[in-house]
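A.B. asks: Just to be clear, the model below is a prediction. Sequence and coordinates:
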Amino acid sequence: MVVKYLISKNASLTNYNDQKETVMDVAKRVDDLAIIKLISEQKEWIEFEKNLEQNKVRVEGEKRKIIKKNIKKEDEVNNDDESIVKGQIKKKDKKKKKSKNKN
């Protein structure tokens with residue numbers, strides 16, 4: 001089996017191919033449970049997977065912060081727009097009152 005050979009030669013399981021896939025990604029794509037099991041038992045893969053998960057959590061946290069910041073900015077813009085509209089309505093009301101008072 002190719003994977004056993006690679007492991008015996010200390011080939012890296014964490015390198016990516018041209019399609020940005022690891023050996024595990026390819027094994028999952030071809031749905032080979034024996035290869036998936038063999039790779040998942042390797043210390044190198046276990047550590048790599050743990051690092052991937054930690055990075056994923058960190059990236060997701062950063063994404064959430066950015067989304068919250070953007071929502072806050074949108075709310076501020078909406079509040080500013082609302083204030084402008086309210087100010088324009090108040091000006092129109094004042095003009096109407098002035099024109100009624102003249103009559």
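C.D. replies: Everything's here; your move.

A.B. asks: any idea of the mean pLDDT in the host helix or strand of residue 51?
C.D. replies: Assigned by DSSP states H and E, residue 51 belongs to helix 43-102. Model confidence over helix 43-102, given as mean pLDDT, is 74.

A.B. asks: and if you look at stretch 31-39?
C.D. replies: 88.

A.B. asks: That one: which residues count as buried?
C.D. replies: 35, 36, 38, 39 (16 or more other Cβ atoms under 10 Å). (Glycine included, C-beta is placed from N, CA and C.)

A.B. asks: try stretch 65-81
C.D. replies: Residues of stretch 65-81 include none that count as buried (16+ other Cβ under 10 Å).

A.B. asks: With stretch 14-29 instead?
C.D. replies: Within stretch 14-29, the residues that qualify as buried are 22, 23, 24, 27, counting by 16+ other Cβ under 10 Å.

A.B. asks: Can you give me the pLDDT of the third one?
C.D. replies: Spelled out, it's residue 24. On the pLDDT scale, residue 24 gets 86.

A.B. asks: mind checking which helix or strand it is in?
C.D. replies: Assessed by DSSP H and E, residue 24 sits inside helix 23-29.

A.B. asks: who touches that helix?
C.D. replies: Applying Cβ atoms under 8 Å, 6 or more residues apart in numbering, the contact partners of helix 23-29 are 3, 6, 13, 15, 17, 21, 35, 36, 39, 40, 45, 49.

A.B. asks: can we see that at 6 Å?
C.D. replies: The contact list for helix 23-29, computed with Cβ atoms under 6 Å, 6 or more residues apart in numbering, reads 13, 35, 36, 39.

A.B. asks: And the furthest pair within those?
C.D. replies: The distance between the two most remote of the contacts of helix 23-29 (Cβ to Cβ) is 11.7 Å, for 13 and 36.

A.B. asks: any idea how far residue 15 is from residue 46?
C.D. replies: Noted for residue 46: a distance of 16 Å to residue 15, by Cβ to Cβ, to the nearest Å.

A.B. asks: Please read the previous query as pertaining to residue 21.
C.D. replies: 10 Å.

A.B. asks: Over to residue 32?
C.D. replies: Using Cβ to Cβ, residue 32 is found at 18 Å from residue 15.

A.B. asks: That'll do, ta.
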